[in-house]
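Peer 1: Quick one: sequence and predicted model below, then my questions.
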Amino acid sequence: MRVLLVEDDDGVADALVEALRANGHRPSRVRRGADALIAHRDADVVLLDLGLPDQDGLEVLRKLRKIDPVPVLVLTARGDERTVVRGLRLGADDYLVKPVRLAELLARIDAVARRSAARSQEPEDVVRVSDVEIDLQSRQVVVGGREISLTTKEFDVLAVLARRPGTAVSRQQLMDEVWGNAFVAVSRTLDVHLTQLRAKLDRPGLLHTIRGFGYRLGE
């Protein structure tokens, strides 16, 4: 599995990376929370330390949960009950207090990855909503039997929504999946692309705005 380790301590990080690699995983390591909020997209599971140099790990966890369901295993020296409970409530899949035995860590990683895989379902290649067909593989969109032309980013935005038809998708998740970072100043850019997308689709009510949250494709 691709394991993203978010750890600022070089000694701890080097030991974990070596152990993960020796057990068949593909680890990568970042030191800062800001880097984790970008690198998570290439990971099957995230190991998150809470004592990071740029922001608290619990804040990183809160932001991550807004944009990605990737399994997160908190690995930290903070073992007080309040922090453990808060981490789990914020969406951590598991919580381990350092020092941790390697065999237990590997078993926990496997367990959270299995649970995540069981919840995941592959989206359909072609999504149909009313008389709109969205082919996610060929990147073609047909409206009322007529193919329409979209820019790369317009299709990318539509594809994020089409993979979850009828489901609300947050602005942060859209920006993360299309631009690679939910917390950069692209919010206005997203609005422009959505306006153009609605005009080209010419189907009022197809793209719903959920005030204060995000958007939904279809009912």
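Peer 2: Nice, thanks for sending it over. Since we're looking at a predicted model, the values are computed, not measured. Numbering: from 1, shown residues only.
Peer 1: which strands and helices sit next to the helix or strand bottoming out on mean pLDDT in the chain?
Peer 2: When the helices and strands of the chain are compared on mean pLDDT, DSSP states H and E, helix 102-119 comes out lowest with a mean of 80. Counting contacts by 3 or more Cβ pairs under 8 Å, 6 or more residues apart in numbering; DSSP states H and E, helix 102-119 packs against strand 45-48, strand 72-76, strand 94-97. Backbone N, C-alpha and C define where each C-beta goes, glycine included.
Peer 1: If we use 10 Å, what do you get?
Peer 2: Judged by 3 or more Cβ pairs under 10 Å, 6 or more residues apart in numbering; DSSP states H and E, helix 102-119 is in contact with helix 10-22, strand 45-48, strand 72-76, strand 94-97.
Peer 1: quick one: strands adjacent to the second one?
Peer 2: Strand pairing for strand 45-48, determined by DSSP bridges: strand 2-6 (parallel), strand 72-76 (parallel).
Peer 1: Kindly reformat the ones you listed as JSON lines containing distance to T83 and mean pLDDT.
Peer 2: Formatted as JSON lines, the strands paired with strand 45-48 follow (distance: least, Cβ to Cβ, whole Å; pLDDT from 0 to 100):
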{"stretch": "strand 2-6", "distance to T83": "16", "mean pLDDT": "96"}
{"stretch": "strand 72-76", "distance to T83": "8", "mean pLDDT": "91"}
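Peer 1: So which of these is nearest Q140?
Peer 2: Closest approach to Q140 among the strands paired with strand 45-48 (Cβ to Cβ): strand 2-6, 30.3 Å.
Peer 1: Next, the angle from the closest one to helix 102-119.
Peer 2: Using axes from the mean of the first three to the mean of the last three Cα atoms, to 10 degrees, the interaxial angle of strand 2-6 with respect to helix 102-119 works out to 120 degrees.
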